[in-house]
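>>> Here is my input, please return the structure:
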Amino acid sequence: MLKTNPFKFGSIVSGDYFYNREDELLRIKQTLRGGNNITLYAPRRYGKSSLVNKALNELENEGFITVYIDFMSVYSRDTFIKKYSSAITSSEPASIEKTVSKISQLISGIVPSVSFDPAGIPSFSFSWIEGQNKEKTLADVIDLPQKLSSDKKKWIVAFDEFQEVTKLNGENFEKLLRSCIQHHDNVAYLFLGSKTHILKDMFSNKNKAFYNAASVMSIGKIAKEKSIDYLKSRFALSGIVIKETVAEYILDASNNITYFIQFIAFEIWQLATLNGEKEIKKGDVDHAIENIIVLKSDFYWEIINRQTSYRKKVLHALSYTGTELLSSKASKKYDLGASSTTQKALDSFLEDGIIERTESVYEYSDPFFRMFVTRNI
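Here you go, the predicted model:
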């Protein structure tokens, strides 16, 4: 009988922790396998990174060379050059010494080197050549996967949180990146991100550099029956029963968002095993949610205290409705004033990741934060 927690959250999940998404996984693999680019977007905590990680691992097993870089950690062209060239060096199957030697011939403007720590683990670094054109160096780095590839050795590159590229030297960086990768016939690109309104605009607005550069795919919430089956089977590993109605209660509380399903279930399992319970009740779910809210209360207060008095009113209104906030009825009921001011507040919440927008509906990214706001504002 399983004695370790069968639920996992807060990091990329794989193996038995990963469930459903078979259709999305197949489409991603087929698109990339065929040498085509794909854009994947969804709100935070829907499991994008875990899905992409699984796709890349399976494509690696088929012989593709894969590279992953998170643009959240890239804040300048120089950091992009460093992180991207390091990621490519780590992915290249040849020895790191041979790869560094080859890279030195392919990139102008930098001198790459390899060093080893006391445990013998290699790491990549470089130094700049004074007077060299950094724009040319950047283009050379972008072209690296193509130059290292061949018809028998194809590459797949995943750019996570790709919408953050807009912060790197404005449109010039985007235009250079697009102009380079459009000539890469042995490299397929996967662009993913969580700021869906920005990412969709980047690939569907004809005035943007990446217009029509990739097929666009979104992932939604997992079907409830799949999540219910997952909860029942995972609890059963520890000899714990959860009825369908209670499992559905978890999905409603978590807004059927994968991360929060796992979060609640993780906490419930901890409490159940501590108390020797063999069946999960609705009260156990409520107890787990209370624990989570208490655990995160300092963080939630920090978010609230950063807001102006007006934005706190909008947060309060959002905890009750996400569809009519810009209407005169909502303005009167929640004392919101002009709809243009409400829209500015909503835009700031979107930018900060506090809320998500699907079509014309706004909802909290974190359902527990919504509960906290309902109680405290």
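
>>> low-scoring pLDDT stretches of the stretch 151-300 of the chain, where are they?
Within the stretch 151-300 of the chain, the stretches with pLDDT under 70 are 169-171.

>>> How many residues are close by Asn36?
Residues lying near Asn36 (other Cβ atoms under 10 Å) number 12. (Each C-beta comes from the backbone N, C-alpha and C, glycine too.)

>>> can I assume it sits in a strand?
No: with DSSP: H, G, I helix; E, B strand; the rest coil as the criterion, Asn36 is coil rather than part of a strand.

>>> for the closest residue to it other than its chain neighbours, helix, strand, or coil?
Closest residue to Asn36 in three dimensions, ignoring its sequence neighbours and counting by Cβ to Cβ, 6 or more residues apart in numbering: Ala188, at 6.1 Å. Using three-state DSSP as the criterion, the local structure at Ala188 reads strand.

>>> Tell me who's in contact with Ala188.
Ala188 is in contact with 31-38, 154-157, counting by Cβ atoms under 8 Å, 6 or more residues apart in numbering.

>>> and if you look at Glu164?
Glu164 makes contacts with 71-72, 74, 193, as judged by Cβ under 8 Å, 6+ apart.

>>> now swap in Thr66 and tell me
With contacts defined as Cβ under 8 Å, 6+ apart, the neighbours of Thr66 are 56, 59-60, 91, 155-158.

>>> Could you export these as CSV, including secondary structure, neighbour count and distance to Gln343?
Formatted as CSV, the contacts of Thr66 follow (DSSP: H, G, I helix; E, B strand; the rest coil; neighbours: other Cβ atoms under 10 Å; distance: Cβ to Cβ, whole Å):
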residue, secondary structure, neighbour count, distance to Gln343
Leu56, helix, 21, 38
Leu59, helix, 20, 42
Glu60, helix, 13, 44
Ser91, helix, 18, 43
Trp155, strand, 22, 42
Ile156, strand, 24, 39
Val157, strand, 27, 36
Ala158, strand, 25, 33
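
>>> can you give me the strands in this protein?
With DSSP state E as the definition, the chain shows strands at residue ranges 38-41, 65-70, 110-116, 122-128, 155-160, 187-193, 215-218, 241-242, 279-280, 355-358, 361-364.

>>> Give the other helices and strands that the last one contacts.
So the one you mean is strand 361-364. In this structure, strand 361-364 makes packing contacts with helix 309-318, strand 355-358, helix 367-376, judged by 3 or more Cβ pairs under 8 Å, 6 or more residues apart in numbering; DSSP states H and E.

>>> What pairs with the second one, parallel or antiparallel?
According to DSSP bridges, the neighbouring strands of strand 355-358, each with its direction, are strand 361-364 (antiparallel).

>>> how about the strand it pairs with: buried residues?
Buried residues in strand 361-364, defined by neighbour count with 16 or more other Cβ atoms under 10 Å: 362-364.

>>> From those residues, pick the one nearest Ala223.
Distance to Ala223 across the buried residues of strand 361-364 (Cβ to Cβ) is lowest for Glu363, with 18.7 Å.

>>> That closest one against Lys221, yeah?
No: because the distance of 11.4 Å does not satisfy Cβ atoms under 8 Å, Glu363 is recorded as not touching Lys221.

>>> Need the strands of the chain in TSV (columns: distance to Asp143).
Written out in TSV, the entries for the strands of the chain read as follows (distance: least, Cβ to Cβ, whole Å):
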stretch	distance to Asp143
strand 38-41	21
strand 65-70	13
strand 110-116	14
strand 122-128	16
strand 155-160	12
strand 187-193	9
strand 215-218	23
strand 241-242	53
strand 279-280	54
strand 355-358	36
strand 361-364	41
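
>>> Tell me which of those approaches Lys82 most closely.
Judged by Cβ to Cβ, the one of those that comes nearest to Lys82 is strand 122-128, at 7.1 Å.

>>> if we can go back for a sec, any idea how far the residue nearest to Asn36 is from Leu318?
Separation of Ala188 from Leu318 (Cβ to Cβ, to the nearest Å): 39 Å.

>>> now swap in Ser254 and tell me
Using Cβ to Cβ, one gets 18 Å for the distance from Ser254 to Leu318.

>>> what do you get for Ile289?
When Ile289 is compared with Leu318 (using Cβ to Cβ), they lie 19 Å apart.

>>> now swap in Leu350 and tell me
Leu350 sits 11 Å away from Leu318, taking Cβ to Cβ as the criterion.

>>> May I have the beta-bridge partners of the residue lying closest to Thr89 once chain neighbours are set aside?
The shortest distance from Thr89 to any residue that is not its chain neighbour, by Cβ to Cβ, 6+ apart, is 4.5 Å, and that residue is Phe124. When assigned by DSSP bridges, Phe124 has beta-bridge partners Val114.

>>> re the thing from before, reformat the contacts of Ala188 as JSON lines; add distance to Leu138.
Listed next are those as JSON lines, based on distance: Cβ to Cβ, whole Å:
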{"residue": "Thr31", "distance to Leu138": "27"}
{"residue": "Leu32", "distance to Leu138": "24"}
{"residue": "Arg33", "distance to Leu138": "29"}
{"residue": "Gly34", "distance to Leu138": "28"}
{"residue": "Gly35", "distance to Leu138": "24"}
{"residue": "Asn36", "distance to Leu138": "25"}
{"residue": "Asn37", "distance to Leu138": "20"}
{"residue": "Ile38", "distance to Leu138": "24"}
{"residue": "Lys154", "distance to Leu138": "23"}
{"residue": "Trp155", "distance to Leu138": "18"}
{"residue": "Ile156", "distance to Leu138": "21"}
{"residue": "Val157", "distance to Leu138": "15"}
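
>>> Among the residues you listed, find me the one that's closest to Ser339.
Nearest to Ser339 among the contacts of Ala188: Ile38, at 36.5 Å, using Cβ to Cβ.

>>> what bridges to the closest one?
On the basis of DSSP bridges, Ile38 is bridged to Leu190, Ser215.

>>> That one contacts Ser218, correct?
No: under the criterion of Cβ under 8 Å, Ile38 lies out of contact with Ser218, with a separation of 11.2 Å.
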